[in-house]
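[1] Curious how this folds, go ahead:
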Amino acid sequence: MPLVKFEGVSVSFSAAPLLDNVDFQIDPGERIALVGLNGAGKSTLMKLVSGEIHADHGTVWQDPAIRVAKLPQMLPAADERRVYDVVAEGLADVVAFREAYDQLSHQTDAASLQKLERLQHQLEARDGWHLEQQVQTVLDRLGLDADTRMAELSGGWRRRAALGAALVQKPDLLLLDEPTNHLDIETIEWLEQMMLDFRGSILFVSHDRALVEKLATRIVELDRGNLTSFPGSYNRYLELKQQLLEEEERQNAEFDKKLAQEERWIRQGIKARRTRNEGRVRALEQMRRERSQRRERQSSASFGLEEAQKSGKLVAELEQVYMSYEGKPLLQNFSMKVQRGDRIGLIGPNGSGKSTLLKIILGQLQPDEGSVRLGTKLEVAYFDQLRGQLDPEKSVIDNVSGGRESIEINGQNKHIIGYLQDFLFSPERARTPVKALSGGECNRLLLARLFSQPANVLVLDEPTNDLDIETLELLEEILLNFDGTILLVSHDRRFLDNVVTSSVVFEGKGQVREYVGGYQDWLRQRPVKKVSTAEQKAESKAAENKPVKKQNKKLSYKLQRELDQLPAQLEDAEQALEALQTVVASPDFYSGDHAKVADTLAKLHEQEQQLEQLMERWVELEAMQEGD
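    Below you'll find the model as predicted:
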């Protein structure tokens with residue numbers, strides 16, 4: 001039995017409906033990713049499910065016993081409320097029942113007693129007598145301190161408090177609208193695990209492709225008012241979607257060709273008109289109506305990048321840099337060299353010092369100790385996640401044009417209206433004040449402003465927030481074709497993997513290290529976490545108390561020979577891996593032929609797996625021998 005079911009649902013706020021006679025349902029245990037371009041109507045569909053708005057036509061049915069909770073896109077305010085009170089807001093109705101019960105408990109008239117009885121049933125149905133325990137259980141589960149003020153928390157911890165307000169309701173269906181915005185990677189991975197452990201159903205909107213790939217059991221796309229369901233993974237959805245688009249394009253081309261033939265026929269001379277087939281004329285009129293009603297797919301963003309002359313080979317060199325903030329070390333004895341063409345990703349928790357390092361590299365901030373040497377001919381374009389470069393009172397045009405009527409992109413002049421249309425701003429929207437734009441529109445506007453400036457160094461501080469997936473993929477393509485230097489701060493793991501050639505990782509307590517490759521490459525290369533003495537003792541004690549399985553027979557001749565040969569095989573595998581790692585670590589590796597780069601990385605991954613398998617086999621055979 002479904003939890004929610006749409007039958008023939010339509011919703012429209014303009015001439016083109018956001019939902020056009022759609023059918024849709026959510027079943028128990030599903031984790032559905034809702035995808036679509038910005039403005040397609042995803043938030044509207046979520047509001048229909050939550051009951052915030054009603055359909056113009058059709059039926060939205062919910063299981064009468066269902067509980068629906070929503071994690072809003074906006075972060076809770078950083079105010080003086082206690083975390084406990086924010087989480088308890090998820091049970092606002094139960095709090096109201098408790099307060100009403102307490103007020104009526106001293107009344108003895110018949111009407112009050114009847115109300116008390118109804119309130120008691122409602123409280124028992126919601127386990128309202130154990131309100132405090134329910135809130136505390138969620139606080140413990142999320143690692144939240146009840147008495148901390150919201151103003152003292154980072155964005156990630158405020159997001160946890162908002163999630164607590166949703167989970168305390170014990171929902172059957174959880175709605176998540178861009179839950180990873182403004183979260184660092186560590187918190188995103190924590191959220192992923194929370195959602196995987198959640199026993200109810202989930203409907204979520206996210207531009208984080210790694211999150212969608214890991215969580216979704218089904219992809220549902222909203223496109224031109226229609227919903228299409230794609231079972232399976234996100235990568236499978238991309239394959240099926242491409243096939244659908246190609247088939248749609250083929251059918252439209254055939255239809256348009258036939259329509260053009262019929263239009264030529266109807267315009268033939270007098271002789272042809274005398275012998276017209278009236279049925280054919282009516283069919284042509286029907287074809288004209290169908291063509292006029294066809295909803296073309298919304299354009300994707302389409303933009304280019306104005307590149308400046310090349311910088312010097314050296315962009316920046318840092319030697320033994322120390323930097324702290326309010327007594328907290330951000331950088332300790334850190335050295336690195338940034339050269340022209342590098343694409344460097346900065347990875348670390350919020351507040352770890354990524355933006356500080358960017359300012360040091362660009363010469364905007366002097367370190368406490370150490371030296372910084374900047375290169376020559378640097379022309380920097382900076383994408384600011386706080387959107388401080390935008391004037392909210394001015395229009396979209398005024399924020400980009402600087403009084404110009406046209407913009408030169410790589411030697412070609414483009415009118416400012418046409419340039420902004422490449423970033424999906426219609427002429428009317430281009431004249432709108434910035435303060436009226438959505439988050440996604442603000443980020444597209446920042447990109448339009450950024451890419452209109454000649455630059456050979458791009459600094460991108462969280463550019464992916466609020467962008468739809470298609471715009472993200474186009475941005476990736478633009479950055480990969482950029483010949484200059486890129487410094488990128490992002491918590492989008494797939495974006496990092498697809499764009500950067502090396503990663504600077506903030507590992508805590510001022511320790512910052514550089515690794516070859518993107519996020520997944522760092523996961524493979526990062527040091528194994530050291531185990532404390534207390535943990536070692538605990539593991540040792542557990543091992544002592546663990547029953548030992550005895551082997552009943554010695555190794556066979558074949559297994560003993562295999563064990564004897566393994567050390568040499570391990571040594572060969574390690575040398576082969578080191579050779580590949582040396583190739584990948586070379587400065588010009590990623591600037592080579594893309595096919596060779598991909599082939600080498602595949603060999604590196606294969607060699608890592610082979611070494612791991614040999615190690616596992618060696619441990620297995622050693623254990624068998626020790627059991628003799």
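[2] as a whole number, average confidence for whatever helix or strand Arg373 lives in?
    In the assignment (DSSP states H and E), Arg373 maps to strand 369-374. The average pLDDT within strand 369-374 is 94.
[3] Output that strand in CSV with nothing but the alpha carbons.
    The C-alpha trace of strand 369-374 is given here as CSV (Å, rounded to 0.1, in the frame of the first residue of the first chain):
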residue,chain,number,x,y,z
GLU,A,369,55.3,33.1,10.0
GLY,A,370,56.9,31.9,6.8
SER,A,371,57.3,33.3,3.3
VAL,A,372,55.0,33.7,0.4
ARG,A,373,56.2,34.5,-3.1
LEU,A,374,53.7,35.4,-5.8
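[4] Just want the most central residue of the chain.
    Asp208 (1.8 Å; Cα atoms, centre = their mean).
[5] how close does that residue sit to Gly518?
    15 Å (Cβ to Cβ, to the nearest Å). Every residue, glycine included, has its C-beta placed from N, CA and C.
[6] mind checking how far the residue nearest to the centre of the chain is from Gln453?
    According to Cβ to Cβ, Asp208 and Gln453 sit 28 Å apart.
[7] Please apply the same query to Gln73.
    Gln73 is 30 Å from Gln453, by Cβ to Cβ.
[8] and what of Pro367?
    Distance, Pro367 to Gln453, using Cβ to Cβ: 27 Å.
[9] Within the sheet, what are the partner strands of the strand holding Arg373, with directions?
    Paired neighbours of strand 369-374 in the sheet (DSSP bridges): strand 314-325 (antiparallel).
[10] to the chain's geometric centre, what's the distance from the partner strand?
    How far strand 314-325 lies from its chain's middle: 30 Å, per Cα atoms, centre = their mean, to the nearest Å.
[11] what's it in contact with?
    329-340, 342, 353, 356-357, 360-363, 367-376, 378, 457, 485, 510 (Cβ atoms under 8 Å, 6 or more residues apart in numbering).
[12] before we move on, what about stretch 389-409?
    Residues contacting stretch 389-409 (Cβ under 8 Å, 6+ apart): 304-306, 382, 413-417, 419-420, 425, 429-435, 437, 442, 445-446, 448-449, 451-452.
[13] picking that back up, SS state for the nearest residue to the residue nearest to the centre of the chain once chain neighbours are set aside?
    Leaving aside its chain neighbours, Asp208 sits nearest to Thr180 (4.7 Å; criterion: Cβ to Cβ, 6 or more residues apart in numbering). Taking DSSP: H, G, I helix; E, B strand; the rest coil as the rule, one finds Thr180 in the coil state.
[14] can you pull the contacts of Thr180?
    By Cβ under 8 Å, 6+ apart, the contact set of Thr180 is Ile188, Leu191, Ser206, Asp208, Leu211, His491.
[15] what about the stretch 101-250 of the chain, any weak spots by pLDDT?
    The model of the stretch 101-250 of the chain has no residue with pLDDT under 70.
[16] where along it do the strands fall?
    In the stretch 101-250 of the chain, strands defined by DSSP state E, counting those that start in this stretch lie at 173-177, 201-205, 218-223, 226-231, listed in chain order.
[17] Export those to a markdown table and append columns for distance to Thr44 and mean neighbour count.
    Formatted as a markdown table, the strands of the stretch 101-250 of the chain follow (distance: least, Cβ to Cβ, whole Å; neighbours: other Cβ atoms under 10 Å):
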| stretch | distance to Thr44 | mean neighbour count |
| --- | --- | --- |
| strand 173-177 | 11 | 23 |
| strand 201-205 | 11 | 23 |
| strand 218-223 | 9 | 20 |
| strand 226-231 | 12 | 15 |
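[18] Give me the neighbour count for Gly225.
    The tally of other residues near Gly225 (other Cβ atoms under 10 Å) stands at 18.
[19] Surely it and Val9 touch.
    No: the criterion here is Cβ atoms under 8 Å, and Gly225 misses it with Val9 at 10.4 Å.
[20] hey, what's in contact with both of the two?
    By Cβ under 8 Å, 6+ apart, the residues touching both Gly225 and Val9 are Leu19, Val22.
[21] ok, back up a step: comparing Pro367 and Gln453, which shows the higher neighbour count?
    Pro367 (20 against 16).
[22] how about the more buried one, secondary structure?
    Relying on three-state DSSP, one would call Pro367 coil.
[23] For it, list the residues it contacts.
    So Pro367 contacts Leu318, Val321, Tyr322, Met323, Leu331, Ile360 (Cβ under 8 Å, 6+ apart).
[24] ok, and the most crowded of these?
    That'd be Leu331 among the contacts of Pro367, by other Cβ under 10 Å, with 25 neighbours.
[25] My reading is that that residue lies in a helix. Confirm?
    No: looking at Leu331 with three-state DSSP, it is strand, so not inside a helix.
[26] Quick one: neighbours of the residue nearest to Arg429 when sequence neighbours are not counted, just the number.
    Distance criterion Cβ to Cβ, 6+ apart; nearest residue to Arg429, sequence neighbours excluded, is Val396 at 6.7 Å. Val396: 26 surrounding residues under other Cβ under 10 Å.
[27] same thing with Arg288?
    Counted with other Cβ under 10 Å, Arg288 comes out at 13.
[28] and it, what element?
    Using DSSP H and E, the element containing Arg288 is helix 278-293.
[29] buried ones in that helix?
    Leu284, Met287 (16 or more other Cβ atoms under 10 Å).
[30] Report the mean confidence score over that helix.
    The average pLDDT within helix 278-293 is 71.
[31] helices or strands next to it in the packing?
    Secondary-structure packing of helix 278-293 (3 or more Cβ pairs under 8 Å, 6 or more residues apart in numbering; DSSP states H and E): helix 234-266.
[32] Leaving out sequence neighbours, find the closest residue to Asp223.
    In space, and not counting its chain neighbours, Asp223 is closest to Gly36: 5.9 Å by Cβ to Cβ, 6+ apart.
[33] Give me the neighbour count for the one you found.
    Applying other Cβ under 10 Å, we find 22 other residues in the vicinity of Gly36.
[34] before we move on, what about Val434?
    Val434 has 18 neighbouring residues, counting by other Cβ under 10 Å.
[35] Distance check, it against Gln389.
    As judged by Cβ to Cβ, Val434 and Gln389 stand 11 Å apart.
[36] Kindly report the same for Gly41.
    According to Cβ to Cβ, Gly41 and Gln389 sit 30 Å apart.
[37] and those two? which has more neighbours close in?
    Neighbours per residue, other Cβ under 10 Å: of Gly41 and Gln389, the larger number sits with Gly41, 26 against 13.
[38] Distance of Ser229 relative to Leu18?
    Applying Cβ to Cβ to Ser229 and Leu18 gives a distance of 18 Å.
[39] same thing with Lys328?
    Look at Lys328 and Leu18: by Cβ to Cβ, they are 47 Å apart.
[40] More neighbours: the two, which one.
    Comparing Lys328 with Leu18 by other Cβ under 10 Å, the one with more neighbours is Leu18, at 23 against 11.
[41] check contacts around that one.
    Val11, Ser12, Ala40, Gly41, Thr44, Leu45, Leu222, Gly225.
[42] excluding its backbone neighbours, what's nearest it?
    Spatial nearest neighbour of Leu18, excluding adjacent residues (Cβ to Cβ, 6+ apart): Gly41 at 3.2 Å.
[43] for the one you found, phi and psi?
    Backbone geometry at Gly41, expressed as degrees, to the nearest 10, gives phi 120, psi 20.
[44] residues contacting it?
    Gly41 neighbours (Cβ under 8 Å, 6+ apart): Val11, Leu18, Leu19, Leu222, Gly225.
[45] Quick check: the second one vs Ile219, distance?
    Remark: distance between Leu18 and Ile219 (Cβ to Cβ) = 19 Å.
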